[in-house]
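>>> when you get a sec, could you give me coordinates for this:
(chains A and B)
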Amino acid sequence: MSWIKSSDSTRFFCAALLSGSALLQGCASTPHANASDPYESFNRKMFVFNEEMDKRLLRPGAIAYKAILPDFVEKSISNVTNNVKDVWSFVNLVLQGEGAAAVEGFMRVVVNTTFGLGGLLDVASDMQLDRRSEDLGQTLAVWGAPKGPYLVLPLLGPSTVRDAIGLPADMYVMPSTFPADVGARNALSVVQLLSLRSGLLGATDLLSDVSLDKYSFVRDAYLQRRRNLIYNGDPPDQYDEGDYSEPQSKRKQLQPTALWSADVEVINNLPLSPFVSTAELGVDAQEQLALVSDDWTRPVALPELSVQVVAQDMSSE
Amino acid sequence: MIKTSCAKALLAIAASITVFSSPTVQAETVAAVKTAQLAPDALIRNLSISVMDAVRADKSIQAGDTHKIEVLVDTQILPYVDFERMTSSAVGRYWRDATPTQKKSLQTEFKALLLYTYAGAVGQIKNQTVDVKPLRASADDTSVVVKTLVRGQGEPIQLDYRMQKSANGWKIYDVNVLGAWLVQTYQSSFARDIGSVGIDGLIQKLSERNKQLASKQTGA
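As a prediction, the model looks like this:
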């Protein structure tokens, strides 16, 4: 395991992405294509692989971890990890230009490191200085980078292209990269991973029980969650207010329909220009696409690039 | 990432569900009538407080007695949740095409699934408190979002409720945990299933899943 070094996360990630990109070339959209998920067939395969790895390795490991270690030790480990992550959140808050939140984040780290004995105790939360997770993916979103398609990364799980770009940096700022000794780094990585997984045991088991199609459940929950994080808990409303129990004519169409509703699926299935796919549209354009009502023969004002795409689709009908 | 979110999400669903337990039947009826007439945020606040209290008081619920949790959820949650609206939102555009029998079956099965989810989440509640945020709506709004924050276990969990004013008072028709709207998350998987196996196929899938979960609970 000596090849695993502090930059291993970057290397591993790059290797995974390169091997994955070969698979992506052959991916056509499936019949029930989803606007946010043009690589669905690849993603599903990767999801199955991740689930297998989880079932065979990670989940048993996490169960053992939880059984062996006393509660307060597990809590301390997660507190220390979170404290380091808070430093990275602070950096991202600064990069996003959120002055007040950045100051709070900084205070949080200071309080936990000093009064919390180096991060072992989470005193700041008791003082109502709440955790605010920010990562590079969110920062890129705030800077205007388009979301890109949904992507299931090998072993790392759900992501989008934008979040995947920020991932190496996020993974670098973790306690496991600190020690100089390779063995210690590896041990810390494993502990971190088990710590994270064991915290989620109850919830992931419940999730498996209640989701009919776990893949799409995880995908949709992930995308909504990311959007919520980017807008810091207050995303613009995307919910379809239509009451489906009423006839079509009486239905209020005041709100835009969800990005992944059947409306956008219809648009996605239209023959698009060979040079532009919906995945290449920026996040603003995707949201504007979602504004198209049931009567989508009516032209909609869209950013330049996507206007051409949609106009072509409509005229070819 | 999603796993963390889902975990906390389900914890929060549990939090939302535990809202609905109260000690005696008489107190229930009176309380139910009173709470139904309240403003939506006051309603959520009352329910959250009473649920948290009930969970703290009852050791068997904390230990995970699924039957007891289900009874509580079944008797207490019904007056405040509009399951028909939830089901119709989750099924989406296909709802209009469904026959009344199919609609009834869909509602029954989806409700059973949701109750299982809630019960499972309640069993994971420990010692949280709920902050209900000030309501941002005008006095004559009939559809609102009530935002709450569940504190206690590390990072606060965002828990929002979509509520609609009906003849019997305010009713919940969707729950948002950590940014993911529950009904909306089911929407695409339902749409996919209906597209491939039709509404009857979806009802079949749901009922199979519910049977599986029921046997799991009795077996456990």
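>>> quick check, residue A:159 in a helix?
No. If the criterion is DSSP: H, G, I helix; E, B strand; the rest coil, then residue A:159 is strand and not within a helix.
>>> got the contact list for it?
A:137, A:150-153, A:167, B:1 (CB atoms under 8 Å, 6 or more residues apart in numbering or on different chains). All C-beta atoms are positioned from the backbone trio N, CA, C, and that covers glycine.
>>> any quick ChimeraX command for the buried ones out of the residues you listed?
In ChimeraX, a selection of the buried entries from these looks like this (16 or more other CB atoms under 10 Å in any protein chain shown):
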select /A:137,150,151,152,153,167 /B:1
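>>> residues near residue A:236, how many?
By the measure other CB atoms under 10 Å in any protein chain shown, the count of residues near residue A:236 is 9.
>>> for chain B, which residue gets nearest to chain A?
Residue of chain B nearest chain A, by CB to the nearest CB: residue B:179 (2.4 Å).
>>> burial measure for the residue lying closest to that residue once chain neighbours are set aside, as a count.
In space, and not counting its chain neighbours, residue B:179 is closest to residue A:228: 2.4 Å by CB to CB, 6 or more residues apart in numbering or on different chains. The number of residues packed around residue A:228, counting by other CB under 10 Å, is 21.
>>> residue A:228 sits in which helix or strand?
Element membership of residue A:228 [criterion: DSSP states H and E] is helix A:214-230.
>>> which parts of the chain are helices?
Reading this off chain A. Using DSSP state H, the helices of chain A run over A:8-25, A:40-53, A:59-68, A:71-95, A:99-114, A:123-126, A:136-142, A:161-172, A:182-199, A:201-210, A:214-230, A:262-269, A:283-290, A:304-316.
>>> wrong one, I was asking about chain B
B:2-18, B:25-36, B:40-57, B:59-63, B:66-77, B:83-91, B:100-122, B:182-219.
>>> now the last one: mean pLDDT?
Translated: helix B:182-219. If you average the pLDDT over helix B:182-219, you get 87.
>>> now for it, which elements pack on it?
The contact analysis (3 or more CB pairs under 8 Å, 6 or more residues apart in numbering or on different chains; DSSP states H and E) places helix B:182-219 against helix A:201-210, helix A:214-230, helix B:83-91, helix B:100-122, strand B:169-177.
>>> need those in CSV with distance to residue A:118, can you?
CSV is the format used below for these (distance: least, CB to CB, whole Å):
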stretch, distance to residue A:118
helix A:201-210, 27
helix A:214-230, 27
helix B:83-91, 47
helix B:100-122, 34
strand B:169-177, 32
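>>> pull the CA atoms of stretch B:117-124 into PDB?
Extracted C-alpha coordinates of stretch B:117-124, given in PDB (Å, rounded to 0.1, in the frame of the first residue of the first chain):
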ATOM      1  CA  THR B 117     -40.200   5.400   6.500                       C
ATOM      2  CA  TYR B 118     -41.400   7.600   9.300                       C
ATOM      3  CA  ALA B 119     -41.400   4.700  11.800                       C
ATOM      4  CA  GLY B 120     -37.900   3.700  10.900                       C
ATOM      5  CA  ALA B 121     -36.700   7.300  11.300                       C
ATOM      6  CA  VAL B 122     -38.500   7.800  14.600                       C
ATOM      7  CA  GLY B 123     -36.500   4.900  16.000                       C
ATOM      8  CA  GLN B 124     -33.300   6.900  15.400                       C
END
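>>> show me how far that stretch is from its chain's centre.
Offset of stretch B:117-124 from its chain centre (CA atoms, centre = their mean, to the nearest Å): 10 Å.
>>> quick one: is it near chain A?
Yes. Stretch B:117-124 reaches chain A (CB under 8 Å from any CB of the partner chain) through B:117, B:120-121, B:123-124.
>>> now, of these, which are buried?
B:117, B:120-121, B:123-124.
>>> contact partners for whatever residue of the stretch 201-317 of chain A ends up closest to chain B?
Nearest residue of the stretch 201-317 of chain A to chain B, counting by CB to the nearest CB: residue A:228, 2.4 Å away. If a contact means CB under 8 Å, 6+ apart, then residue A:228 has A:235, B:158, B:178-180 as its contacts.
>>> state the number of residues packed around residue A:142.
17.
>>> repeat for residue A:181
Neighbour number of residue A:181 under other CB under 10 Å is 8.
>>> repeat that for residue B:70.
When neighbours are counted by other CB under 10 Å, residue B:70 registers 17.
>>> any low-confidence regions in the chain?
Let's take chain A. A:1-34, A:237-317 (pLDDT under 70).
>>> should've been chain B
Residues of chain B that meet the cut-off, pLDDT under 70, sit at B:1-37, B:64, B:153-154, B:218-220.
>>> related to what we said a few turns ago, could you dump the helices of chain B to a markdown table with distance to residue A:62?
Converted to a markdown table, the helices of chain B look like this (distance: least, CB to CB, whole Å):
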| stretch | distance to residue A:62 |
| --- | --- |
| helix B:2-18 | 11 |
| helix B:25-36 | 40 |
| helix B:40-57 | 26 |
| helix B:59-63 | 22 |
| helix B:66-77 | 23 |
| helix B:83-91 | 31 |
| helix B:100-122 | 18 |
| helix B:182-219 | 21 |
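>>> which of these is buried the deepest?
Greatest average neighbour count among the helices of chain B goes to helix B:2-18 (a mean of 26), per mean count of other CB atoms under 10 Å in any protein chain shown.
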